[in-house]
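In: all I have is the shape, not the residue letters:
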């Protein structure tokens, strides 16, 4: 039997074991899984349930599936260049027989590190050797008639040591008519969207933008809140055109007037702010370039005219040049541009802003004219388009109700495609675009311009995806090919009308409908309120109570996060009243009326002139009254009050034979404005609306106070 070693021999054995370990071969370091949860894109997806992200989520129960055609690809962004040693493909039954594994540092130029034409599916663990930030499966031949489908696509190796995206150095290089934008020495055409969501949502939303091929977002302001946006962009291989807002920003709708010829304090303050935030963020990997101002040269027309307007435009351009010089002194790694709303601003840049590295312009329906404007202007710098897309409210014809006719979903989709094609048609000069707009608002502007209205994808979202990444397929939105109203110019307040729509879903999904109203053209409200309706395809809809031109919105949803939206205008009018209006043109008096202010005066006789474009408006206090003298005792059986938005919540209709002693013939405490049609039968000379509680903070205001006898 074995006997134990003497105690004194144990240290010697330990030494021998240690020496043996030291003398043996060093084991290889285990490869690190680099791909899980990273941004991923694909040439296509079969549907919403099989997205590209499912291939790198670490869940073998979810999968990516492509369209049923060749070739197809799936690529993952590792965030930084890495040494790749293994790729694992976990196939569903729809696998590739011929494919390559490729790597790239810029997602543009690819190197093959593995290829086969005899793959058999299942789980394939591939020992490879390569280096790059992006790793792509590129399939050229499928088994069966389906697409490609991967439960998991895993990339393992040694991670890079640089920060995600690297420090980032953007340059404008080249010569006249042959310029190029580059990032870290690699070509960069701006494939962008303007950024709308809260900065706090950036980390959650950037992967979506990356997945559809977006490489740039544009902002209008940069300050202490910008860090999360820049960081999230960098983590997803996206860059930011970081804006600085200057008054009077916003073009024709601008606010805030600064005199750039005299206001040294404002200029010094803004220059200090610009320098502060360039210093703060110049090393952030998310910065692509700096953008000083937005539509201010055009916007100055709201502030000045004549010589003073021209002097301010020149002074503003000189200030932008001062800002560009200051930025260059701080940050030599990112160019400087400035945006305006028309190419008519570029002559000012050409003459007074030589330190800009490139120009920028916001242009929608006229975007295809920008190339010729650049040629005609004899410019010597390239440009980017910082806003473009479908035609805006200010550049479309008016409809039958005199308000801008909003493009259809299909026209908006085609607007993005047309704009991008015109940008690509100016190679070497147009360096890309940030299309307008990646926002989630569901209001008037959100429906007009957002590609993700209310977080639902529109046809425009799929158009941008195709333009930037080449991806097609997947579950797409319902299409509303027509929408008609039975009445458009004379819809009675509170009455009903018919909406007929031709709606189809490309994927055969069941469609759910909702409707909403917007009152922008009445009271400048942006939001939508629900519309009451019945029906499916042909709808019976209840009109609003308030008079004026409304927009009605039809939503068609497919249950997969997609929506089609179509809108039309309708003019809501007071319901017609049969008989003679005894009050029309009669002597009318009131407790008070507004004699001053915008649009004033608003005298009492405007409520009985038969003109719905004029109105009586009282002082902003309770109680108030307006009364009409019928000239003699008259029998009547109907009273109609047509309220402006400042309505009466509590009021009485009173009558009198002498204008002194009054008796009530109607009372309410639940008035809601619009048109109040009251079946009142009485005989009197004087009729009065006596109001005791306002429905708003303003006074009382009536377009018409009618007293009828049928």
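Out: Happy to help now that I have it. All values derive from a computational prediction rather than experimental measurement. Numbering: from 1, shown residues only.
In: and the helices in this protein?
Out: With helices called from DSSP state H, the chain shows them at 10-23, 202-211, 227-235, 264-281, 296-299, 306-330, 346-352, 370-377, 409-424, 444-449, 459-469, 520-523.
In: would you mind finding the most buried of those?
Out: Most buried of these, by mean neighbour count (mean count of other C-beta atoms under 10 Å): helix 296-299, with a mean of 25. Where C-beta positions appear, they are placed from N, C-alpha and C, glycine not excepted.
In: what packs against it?
Out: Packing partners of helix 296-299 (3 or more C-beta pairs under 8 Å, 6 or more residues apart in numbering; DSSP states H and E): helix 306-330, strand 336-340.
In: could you export those as CSV, including mean pLDDT and distance to residue 69?
Out: Shown next, in CSV, are the helices and strands packed on helix 296-299 (pLDDT from 0 to 100; distance: least, C-beta to C-beta, whole Å):
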stretch, mean pLDDT, distance to residue 69
helix 306-330, 98, 48
strand 336-340, 98, 40
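In: so which of these comes closest to residue 680?
Out: Nearest to residue 680 among the helices and strands packed on helix 296-299 is helix 306-330 (57.2 Å), distances taken as C-beta to C-beta.
In: hmm, back to that, in TSV: the helices of the chain, plus distance to residue 487.
Out: Shown next, in TSV, are the helices of the chain (distance: least, C-beta to C-beta, whole Å):
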stretch	distance to residue 487
helix 10-23	91
helix 202-211	41
helix 227-235	47
helix 264-281	52
helix 296-299	39
helix 306-330	45
helix 346-352	47
helix 370-377	41
helix 409-424	24
helix 444-449	22
helix 459-469	28
helix 520-523	17
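In: which stretch among these comes nearest residue 93?
Out: Of all those, helix 202-211 comes closest under C-beta to C-beta, at 24.8 Å.
In: please report the distance of the nearest residue to residue 63 once chain neighbours are set aside from residue 93.
Out: Distances taken as C-beta to C-beta, 6 or more residues apart in numbering put residue 151 closest to residue 63, at 4.8 Å, once the chain neighbours are dropped. From residue 151 across to residue 93, the span is 10 Å (C-beta to C-beta, to the nearest Å).
In: of those two, which one has the most company?
Out: residue 151 (18 against 10; other C-beta atoms under 10 Å).
In: that one touches residue 57, doesn't it?
Out: No: using C-beta atoms under 8 Å, residue 151 is not in contact with residue 57, being 9.9 Å away.
In: before we move on, back to that, turn the helices and strands packed on helix 296-299 into a markdown table, columns for distance to residue 107.
Out: A markdown table is the format used below for these (distance: least, C-beta to C-beta, whole Å):
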| stretch | distance to residue 107 |
| --- | --- |
| helix 306-330 | 28 |
| strand 336-340 | 24 |
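In: out of the ones you listed, which gets nearest to residue 245?
Out: Per C-beta to C-beta, nearest to residue 245 of those: strand 336-340, 10.6 Å.
In: apart from its neighbours in sequence, what residue is nearest the spatially most central residue of the chain?
Out: Taking C-alpha atoms, centre = their mean, the centroid of the chain lies closest to residue 439, which sits 2.9 Å from it. Closest residue to residue 439 apart from its sequence neighbours, by C-beta to C-beta, 6+ apart: residue 196 at 2.9 Å.
In: just residue 359 next, same as before
Out: Nearest one to residue 359, counting by C-beta to C-beta, 6+ apart, is residue 383 at 4.2 Å.
In: correct me, but that neighbour touches residue 374?
Out: Yes: look at residue 383 against residue 374 with C-beta under 8 Å: they come within range, at 6.7 Å.
In: which residues do the two both contact?
Out: residue 429 (C-beta atoms under 8 Å, 6 or more residues apart in numbering).
In: mind listing what the residue nearest to residue 63 touches?
Out: By C-beta under 8 Å, 6+ apart, the neighbours of residue 151 are 55, 60-63, 90-92.
In: and the residues you listed, which are buried?
Out: 55, 63, 90-92 (16 or more other C-beta atoms under 10 Å).
In: follow-up on the earlier one: is it possible to get a markdown table of the contacts of residue 151 that adds distance to residue 351?
Out: Output for the contacts of residue 151, formatted as a markdown table (distance: C-beta to C-beta, whole Å):
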| residue | distance to residue 351 |
| --- | --- |
| 55 | 54 |
| 60 | 63 |
| 61 | 64 |
| 62 | 58 |
| 63 | 59 |
| 90 | 62 |
| 91 | 62 |
| 92 | 62 |
